[in-house]
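J.: sequence first, then the predicted structure, then my questions.
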Amino acid sequence: MEAEVKDRILALLQDIVGPEHASADPALLIPYSRDQHWPIAGTHMPDYVVRPKTVEEVQKVLRLANRYRIPVIPVSSNTNIRGLTIPHHGGIMLDLKRMDYLEIDAKNRAAVVGPGVSCARLADEAEKYGLRPIIPGAPSTVNMLSNCLLRGVSNIGPRYGHTGDQVLGMEVVLPTGEILYTGAAAFPNVGPYFRYFGPDWAGLFQGQPGIMGVVTKMAVRLYPLPERQEMFMCGFNQREGEPEEGPLRRAMAFMHDLMLHDPPVITFGVILHWVAAAITMVEKREDIDAFKGTLGDWVVLGSIEGSRDFVKYARSVVEKEIKKHWDNIDEGREVVLMSKMLRDELKAARRIFRWFRLGNYYALAWWGPLDRFDRYYFEALKVWRELGITEELSIVGIPAYPYVGQLTYYEFDSFWDSTDERNTEKIKKFTELMYQKMIDLGIYCWFRPYPGVYESTIPRLKGCMGELWYKVKKLLDPNNIMNPGKVFPE
């Protein structure tokens, strides 16, 4: 972009949001040029950062961008860790932190949030009414609206579903500047607390990083605070003469039986490879390697929460399942009062500093059935070892409510030194290979549109889904200004 044109665009943007909220200063642009995933996704500088406060300002920015065909990348907390908002084509970083509207409707157990409202703030405000939101497995600084748009994994998903299931209605500014209200939000004289009227318009804007429009408000569900919280941990070690897959398969069988109960008895449940468990539980970096085998090569961690009567019932069910699997469990087996650390995690999201104690944090996530857990991990481990990657390959699996098709969130994890260029290149190669390998093994879908994943996936989809998806994108965004290059390659 020529300097004269760039200066004129900046002046127009400053007219919209004020001189202090639109800038082309490189010092202010640098933080938007990358995220934690940059060794895999690369970096690129935007041309401007613009911080609107009102929906009218968002409309004006999008109309301006459409007129000049300037890319627009919406961000809120800017804590993305998957390269989803790196501005590979430059343009306007539309930073929505100032749009911090928050309304709690305790009677209707719902909240309306703007993109600038963090999970921690929403949790704190809801707690005043004896309520809580779904908390994503993410930093407490992440914003509820953006996490629900990207269908984040929830800390209490085995009982209530994950964050994408919590959306009741939206206010959306389309790339042309028009406003769309979804579901009950489109009706006057009532709260926006029902999602479905006509097509699922709210769903159209989920599962993709701002390529269809800018969501400026969202209504989400709230739930009662639990009276009592208890937890259990069960460890599974490899036994003499047992195949490498053995302890994981025993953990899978235990978790499957826990998830079959209706109503759900566990509020939080996860199967952790020992490295993921150590990163979460061990206080000192130097003690991580020593953690192996102390609780198990694989760990099932779960919680039960609710009224005292419900917890009493749920504990009896969990204890019955532990007794049923007693001979297959090597460590743990007790249901105890929940630790303060886990209570804090479930209240207002994770303290993620632990994830970076070994350098950087790599992840590749997807949805699939629980009964393929062992195939996913050990087939990937073969590729990992063949590439000669020195760090451990870890994995977590979190079943979700409703447990239909054994729905489970999965994530490959590695905690690696991203300054090691040789290892980083190997991990990039692993990622490229796994895009195809996981489809061969059979997954429900990818968790996020990682760089390159949809380019590899869409040609393999059955039917016309990819083609229709692209047509809808072009219909709503004819000039392709919204986060171009994400999902659909240029």
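T.: Now that the structure is in, tell me what you want to look at.
J.: so who does the nearest residue to residue 485 once chain neighbours are set aside touch?
T.: Taking C-beta to C-beta, 6 or more residues apart in numbering as the measure, residue 485 lies nearest to residue 88, with 5.1 Å between them; neighbours along the chain are not counted. C-beta: built from backbone N, CA, C; applies to glycine. Residue 88 is in contact with 42, 44, 485, counting by C-beta atoms under 8 Å, 6 or more residues apart in numbering.
J.: any of these buried? List them.
T.: Those of the contacts of residue 88 that meet the buried threshold are 44, 485, by 16 or more other C-beta atoms under 10 Å.
J.: doesn't the residue nearest to residue 485 belong to a helix?
T.: No: membership of residue 88 in a helix is not supported by DSSP: H, G, I helix; E, B strand; the rest coil, which gives coil.
J.: tell me how far residue 312 lies from residue 306.
T.: For residue 312, the distance to residue 306 under the criterion C-beta to C-beta, to the nearest Å works out to 10 Å.
J.: out of these two, which sits in the busier spot?
T.: When residue 312 and residue 306 are compared for neighbours, residue 306 comes out ahead with 22 against 13, by other C-beta atoms under 10 Å.
J.: quick one, phi/psi of that one?
T.: The main-chain torsion angles of residue 306 are listed as degrees, to the nearest 10 and equal phi 140, psi -160.
J.: how close does it sit to residue 372?
T.: Remark: distance between residue 306 and residue 372 (C-beta to C-beta) = 31 Å.
J.: next one: residue 159 from residue 26, what distance?
T.: According to C-beta to C-beta, residue 159 stands 47 Å off from residue 26.
J.: any chance of the contacts of residue 88 in JSON lines, plus distance to residue 361?
T.: Supplementary listing: the contacts of residue 88 in JSON lines, determined by distance: C-beta to C-beta, whole Å:
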{"residue": "42", "distance to residue 361": "17"}
{"residue": "44", "distance to residue 361": "21"}
{"residue": "485", "distance to residue 361": "24"}
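J.: closest one of the contacts of residue 88 to residue 31?
T.: For residue 31, the nearest member of the contacts of residue 88 is residue 44. The distance, counting by C-beta to C-beta, is 12.9 Å.
J.: grab the nearest non-local neighbour of that closest one.
T.: Sequence neighbours aside, residue 88 is the residue nearest to residue 44 in space, at 4.8 Å (criterion: C-beta to C-beta, 6+ apart).
J.: try residue 128
T.: Excluding its sequence neighbours, the residue lying closest to residue 128 (C-beta to C-beta, 6+ apart) is residue 104, at 7.7 Å.
J.: now do the helices in the stretch 151-300 of the chain.
T.: All helices of the stretch 151-300 of the chain, identified by DSSP state H, counting those that start in this stretch, fall at 157-160, 201-204, 246-259, 274-281.
J.: okay, these, which one's buried deepest?
T.: When the helices of the stretch 151-300 of the chain are scored by mean count of other C-beta atoms under 10 Å, the highest mean neighbour count falls to helix 157-160 (a mean of 24).
J.: how far off centre is that one?
T.: 15 Å (C-alpha atoms, centre = their mean, to the nearest Å).
J.: begin at 50 from now on, thanks
T.: Okay, residue one is now 50; in that scheme the one you just asked about reads as helix 206-209.
J.: that one packs against which elements?
T.: Applying 3 or more C-beta pairs under 8 Å, 6 or more residues apart in numbering; DSSP states H and E, one finds that helix 206-209 contacts strand 317-322, strand 443-448.
J.: if we use 6 Å, what do you get?
T.: Taking 3 or more C-beta pairs under 6 Å, 6 or more residues apart in numbering; DSSP states H and E as the contact definition, helix 206-209 has no neighbouring helices or strands.
J.: identify the residues contacting that helix?
T.: For helix 206-209, contacts defined as C-beta atoms under 6 Å, 6 or more residues apart in numbering pick out 183, 313, 315-316, 318, 448-450.
J.: can you give me the neighbour number for the closest residue to residue 150 other than its chain neighbours?
T.: In this structure, residue 150 finds its nearest non-sequential neighbour in residue 163, 3.8 Å apart by C-beta to C-beta, 6+ apart. Residues near residue 163, counting by other C-beta under 10 Å, number 24.
J.: contact partners for residue 163?
T.: Residue 163 makes contact with 148-150, 266, according to C-beta under 6 Å, 6+ apart.
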